[in-house]
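Asker: Let me see the structure of the following:
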Amino acid sequence: MLSTNGNSRMTSYRWVICSLLFFATTINYLDRQVLSLTWTDEIVPEFHWTNSDYGDITAIFSIVYAISMLFAGRFVDWLDTKRGFTWAIVIWSIGACLHAFAGIATSGLLTGKWLVGFTGAAEEIKTVGNVALVASTSVTLFIIARIILAIGEAGNFPAAIKATAEFFPKKDRGFATSIFNAGATVGALAAPLTIPFIAKEWGWEMAFIVIGGLGFVWLGFWLVMYRKPEEHPRINAAELAYIQQDYQVNDAVSGKKIQARKMPFRQAFKYRQTWAFAVGKFMTDGVWWFFLFWTPAYLSSVYGLSAKESAPQIFVLYLITLLSIVGGWLPTFFVDKKGMNPYAGRMRAMLIFAFFPLLTLFAQPLGSISVWIPVIIIGIAGAAHQAWSANIFSTVGDMFPKSAIATITGIGGMAGGVGSYIINKSSGVLFDHAKNTNMKVFGFEGIESGYFIIFTVCSIAYLIGWVIMKSLVPKYKPITDL
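Answerer: Have a look, this model is predicted:
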């Protein structure tokens, strides 16, 4: 097919958009990681937090993120992809930067001195005799910043999944999703190489400001480079035809392109497909967030490694998770080579990935040999999660029309956030209890017994989630009544 400019070769601008989504997701996860990589070494000495305090902050982030996901998907469908993503990254970048000013605000509220700078705030806080008051005040301020971060970050995946559906045919969406979703891994990979060193050299406050500011840089590229495929001057006719091939099938059958109407919000909950996606997210998102938020603390509590000392382990852990890109290729193999429909291919791949987290049962027992064994095991489980995640996101595009994709993604994201709230909140309470009572479980004592319990929960979550999803939607059944 000839393009409008006479060039017969198909352009590949859809992959430029995929790259933009990749970098947005990378920044998204970098912003989340700043707190987990600074709280034990930099923030605890200043604010006197406990594991429960940190668990409360991460749990509230998770539940606000969950609630926001429910509305973020609807918001993106309403505003459309470009404006919806713009608002999302502006809000979360502001929230990320606001964390840096929690110390100054704590100083101002407790001592009445506001114009003291970051270093001055730390000195003023030392003069406050009531340590519990310092902890509770600072935790409240971090929660406020975390809430703003959560509200903005909730828009990332609904907008990214919607953009993927706009720029890729169904058969390529799993691979495209696995690529941009790898940004989560790259963000987590880059975090230990950058954040502890920024915090050590310039203070923990600058880590939040520098990393948070990356979102505004990305925004400039987004505003210039993103348009819908049919409106984009960088996409020729051949690429547009490739992108819209699923709808050309509709044209061939009916003689016209089907334009789906907007899905009423309450209507979304009547479909088994919605509940299957939501259950899959609820059962598994918390596992990834537990690894993301608690692994640095795990290496500190169990192995005595500071954030800077554990940087090699964290780097290798997330380097392993890059294997998740296979998650986007495997369903394509099942579709092209085995003749499966996209949903059946994805479910087959997800079942395979669901078995790998079982290895986390051995993370704590084998950790006595070397710290690297649990690091490698968690990395493999993380790769399995990201492969699972890329495919579960793609099931939405398989089942629902474009007009409903962000809404359904938001509903599933809310369910995942609730699961994340439960695991983060319970982990903080469990770890403090295990540490304070020297709890014993299967030969483990103290905080190690707490981690063993949570690792066990993480190991079986995917198989349980897959069984429920398969029970709800046993066969490929797209929504056609819109």
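
Asker: I'd guessed residue 352 sits against residue 331; true?
Answerer: No: using C-beta atoms under 8 Å as the test, residue 352 is too far from residue 331 to be in contact (10.3 Å). Using the backbone N, CA and C atoms, a C-beta is placed for each residue, glycine as well.

Asker: how about the strands of the chain, start to end?
Answerer: Ranges of strands in the chain, per DSSP state E, are 440-441, 444-445.

Asker: Indicate each strand paired with the first one and its parallel or antiparallel sense.
Answerer: This means strand 440-441. In the sheet, strand 440-441 lines up against strand 444-445 (antiparallel) (DSSP bridges).

Asker: and residue 106, what is it in contact with?
Answerer: 47, 121, 125, 134, 137, 138, 141 (C-beta atoms under 8 Å, 6 or more residues apart in numbering).

Asker: OK, contacts around residue 211?
Answerer: Applying C-beta under 8 Å, 6+ apart, the residues near residue 211 are 27, 30, 31, 34, 96, 194, 195, 198.

Asker: how about CSV for those, with neighbour count and pLDDT added?
Answerer: Shown next, in CSV, are those (neighbours: other C-beta atoms under 10 Å; pLDDT from 0 to 100):
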residue, neighbour count, pLDDT
27, 28, 95
30, 25, 92
31, 26, 92
34, 26, 92
96, 30, 95
194, 17, 90
195, 27, 91
198, 20, 92
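
Asker: Let's see which of these end up in helices.
Answerer: Counting by DSSP state H, the part of the contacts of residue 211 found in helices is 27, 30, 31, 34, 96, 194, 195, 198.

Asker: pLDDT below threshold where in the stretch 251-400 of the chain?
Answerer: Where the stretch 251-400 of the chain drops to pLDDT under 70, the residues are 251-262.

Asker: Okay, helices next: where are they in it?
Answerer: 265-268, 272-303, 311-321, 326-338, 342-355, 363-366, 372-399 (DSSP state H, counting those that start in this stretch).

Asker: starting at the chain centroid, how far to the third one?
Answerer: Right, helix 311-321. 17 Å (C-alpha atoms, centre = their mean, to the nearest Å).

Asker: and the angle from it to helix 272-303?
Answerer: Angle between the axes of helix 311-321 and helix 272-303 is 150 degrees (criterion: axes from the mean of the first three to the mean of the last three C-alpha atoms, to 10 degrees).

Asker: Name the surrounding residues that touch helix 311-321.
Answerer: For helix 311-321, the external contacting residues (C-beta under 8 Å, 6+ apart) are 37, 185-186, 188-189, 191-193, 196, 295-296, 299, 305, 371-372, 375-376, 378-380, 382-383, 385-386.

Asker: Let's have the helices of the stretch 251-400 of the chain in TSV, adding distance to residue 166 and mean neighbour count.
Answerer: Output for the helices of the stretch 251-400 of the chain, formatted as TSV (distance: least, C-beta to C-beta, whole Å; neighbours: other C-beta atoms under 10 Å):
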stretch	distance to residue 166	mean neighbour count
helix 265-268	20	14
helix 272-303	19	23
helix 311-321	27	21
helix 326-338	18	18
helix 342-355	17	22
helix 363-366	40	20
helix 372-399	10	25
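
Asker: wait, which of those is closest to residue 86?
Answerer: helix 372-399 (21.2 Å; C-beta to C-beta).

Asker: Only alpha carbons, please: show stretch 145-160 as PDB.
Answerer: Provided in PDB are the C-alpha atoms of stretch 145-160 (Å, rounded to 0.1, in the frame of the first residue of the first chain):
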ATOM      1  CA  ALA A 145       2.400  13.700  49.700                       C
ATOM      2  CA  ARG A 146       1.900  10.000  49.100                       C
ATOM      3  CA  ILE A 147      -1.800  10.600  48.500                       C
ATOM      4  CA  ILE A 148      -1.100  13.200  45.800                       C
ATOM      5  CA  LEU A 149       1.400  10.800  44.200                       C
ATOM      6  CA  ALA A 150      -1.100   8.000  44.200                       C
ATOM      7  CA  ILE A 151      -3.800  10.000  42.600                       C
ATOM      8  CA  GLY A 152      -1.600  11.000  39.700                       C
ATOM      9  CA  GLU A 153       0.100   7.600  39.300                       C
ATOM     10  CA  ALA A 154      -3.200   5.900  39.000                       C
ATOM     11  CA  GLY A 155      -3.600   7.400  35.600                       C
ATOM     12  CA  ASN A 156      -0.500   5.800  34.100                       C
ATOM     13  CA  PHE A 157      -1.700   2.300  33.300                       C
ATOM     14  CA  PRO A 158      -5.200   3.200  32.100                       C
ATOM     15  CA  ALA A 159      -3.700   5.800  29.800                       C
ATOM     16  CA  ALA A 160      -0.900   3.500  28.600                       C
END
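
Asker: buried ones in stretch 55-65?
Answerer: Within stretch 55-65, the residues that count as buried by 16 or more other C-beta atoms under 10 Å are 55, 56, 57, 58, 59, 60, 61, 62, 63, 64, 65.

Asker: An error on my part: the question was meant for stretch 166-179.
Answerer: Applying 16+ other C-beta under 10 Å to stretch 166-179 flags 166-170, 172-179 as buried.

Asker: Single out whichever of those residues has the smallest pLDDT.
Answerer: Comparing pLDDT over the buried residues of stretch 166-179, residue 174 scores lowest. The value there is 74.

Asker: Quick check: closest non-adjacent residue to that residue.
Answerer: residue 394 (4.3 Å; C-beta to C-beta, 6 or more residues apart in numbering).

Asker: Enumerate every residue touching that neighbour.
Answerer: For residue 394, the contact set (C-beta under 8 Å, 6+ apart) comprises 173, 174, 177, 331, 342, 346.

Asker: try residue 440
Answerer: Contacts of residue 440 by C-beta under 8 Å, 6+ apart are residue 449.

Asker: Specify the beta-bridge partners of it.
Answerer: Here residue 440, judged by DSSP bridges, has bridge partners residue 445.

Asker: now it: how far from residue 302?
Answerer: Separation of residue 440 from residue 302 (C-beta to C-beta, to the nearest Å): 15 Å.

Asker: And for residue 139?
Answerer: Residue 139 sits 24 Å away from residue 302 when distances are taken as C-beta to C-beta.

Asker: try residue 108
Answerer: For residue 108 relative to residue 302 (C-beta to C-beta), the value is 37 Å.

Asker: Looking at the chain, which helix is longest?
Answerer: Longest helix in the chain, counting by DSSP H: helix 402-437.

Asker: Let me know the average pLDDT across that one.
Answerer: On average, helix 402-437 scores 86.

Asker: Same check on stretch 71-83?
Answerer: So the average pLDDT for stretch 71-83 ends up being 85.

Asker: related to what we said a few turns ago, any chance of the strands of the chain in TSV, with distance to residue 338 too?
Answerer: Formatted as TSV, those follow (distance: least, C-beta to C-beta, whole Å):
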stretch	distance to residue 338
strand 440-441	43
strand 444-445	43
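
Asker: Point out the most buried one among those.
Answerer: Ranked by mean neighbour count, the strands of the chain are led by strand 444-445 with a mean of 16 (mean count of other C-beta atoms under 10 Å).

Asker: That one: how far from the chain's middle?
Answerer: The answer for strand 444-445 is 31 Å, by C-alpha atoms, centre = their mean.
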